[in-house]
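> Okay, sequence plus prediction incoming.
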Amino acid sequence: MRLGVNIDHVATLRQARYRTTPGLHTVEPSLVDAVRAAELGGADSITIHLRADRRHIQDADLPQVQQTLRTRLNLELGNTPEIVAIALMLRPKDVCLVPESRDEVTTEGGLDVNGQQAMLAETVARLRDAGIRVSMFIDPDADQIEASRAIGADAVELHTGAFANATGRDQTTALQRIIDSAEHAHRLGLIVNAGHGLNYQNVHCMHEVPHLDELNIGHSIISRSIFAGLENAVREMKQMLLDVPRGS
Ligand code: PXP
């Protein structure tokens, strides 16, 4: 299981202070330093989300991050013409299509691939023609997996938010849905990734999910980095992905 580290929150912190003065010489924290630290800690890819409202990642960050990277860039984006055009220019290794609404604090729920197949198929084809691997961020649901396959996606990222928010039996049920979905997606030839709400307490459960290629984790790693430093926070998470817990 590989680790993709989402560094959007580093930009969130920067924007909290410097949104109106981006050129100031005192601007911090540096996204470029975040990329370096995450990679030193063992990140296998760096994930950023260019949102239409530019609340954290800015256009100017994209080339800087891409030029600093030694691993892979996974660019998350909503399916809008402006943002898709930027992705086509940037040509990251991976794109993950996500739902996006202005009022949400972070990405809520998965993308309804099944309900917008025609529109999404066109975007997937354009991105793939540019040599980009395309993933769909979807709820762990058979219809969404089949629709992702039907429109030509290379991968799915299974939304683990419901699992992360649940407790007790509900969490077991949510985990089983992810396991079944991973099996299903793999059978259809899709690469299987997962993410959202994963943290140092619950990530060990992902060892029960078959065929997982990569986990994308942001909030929890950046939170821990306040106390441990980003490189250490990433290293600790990476170790949890490598260590298969006893009894599983
Ligand atoms: N995967 C996707 C597609 C996301 O949109 C996000 C949140 O930006 C994540 C993973 C990471 O979620 P979290 O910040 O809860 O770890």
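That came in fine, so what should we check first?

> a strand runs through residue 48, doesn't it?
Yes. Looking at residue 48 with DSSP: H, G, I helix; E, B strand; the rest coil, it is inside a strand.

> With adjacent residues omitted, what lies nearest to it?
residue 57 (4.9 Å; CB to CB, 6 or more residues apart in numbering). No exception for glycine: its C-beta is placed from N, CA and C like everyone else's.

> Quickly note the distance from that neighbour to the ligand.
10 Å (CB to the nearest ligand atom, to the nearest Å).

> That residue contacts residue 63, correct?
No. Residue 57 lies out of contact with residue 63 (CB atoms under 8 Å); the separation is 12.0 Å.

> Tell me which of those two has more neighbours.
Taking other CB atoms under 10 Å, residue 57 and residue 63 do not tie; residue 57 has more neighbours (23 against 11).

> Quick one: residues contacting that one.
8, 11, 31, 48-51 (CB atoms under 8 Å, 6 or more residues apart in numbering).

> can you pick the most crowded of the residues you listed?
residue 48 (27 neighbours).

> how about the helix or strand harbouring residue 13: buried residues?
In this structure, residue 13 sits in helix 8-18 according to DSSP states H and E. For helix 8-18, a neighbour-count test (16 or more other CB atoms under 10 Å) marks 8-11, 14-15 as buried.

> Past that helix, which element shows up next along the chain?
Assigned by DSSP H and E, the successor of helix 8-18 is helix 31-40.

> So which bits of the chain are right by the ligand?
6, 8, 49, 76, 96, 98, 106-107, 137, 157, 195-198, 216-220 (CB under 6 Å from any ligand atom).

> so which helix or strand takes in the spatially most central residue of the chain?
By CA atoms, centre = their mean, the mean C-alpha position of the chain lies nearest to residue 216, the distance being 4.4 Å. Element membership for residue 216, per DSSP H and E: strand 212-217.

> Show me the contact partners of the helix or strand following that strand.
Following strand 212-217 in sequence order, the next helix or strand is helix 219-228 (DSSP H and E). Helix 219-228 has contacts (CB under 8 Å, 6+ apart) with 5-7, 9-10, 106, 197-200, 230, 232-234, 236-237.

> Closest one of the buried residues of helix 8-18 to residue 122?
residue 8 (26.6 Å; CB to CB).
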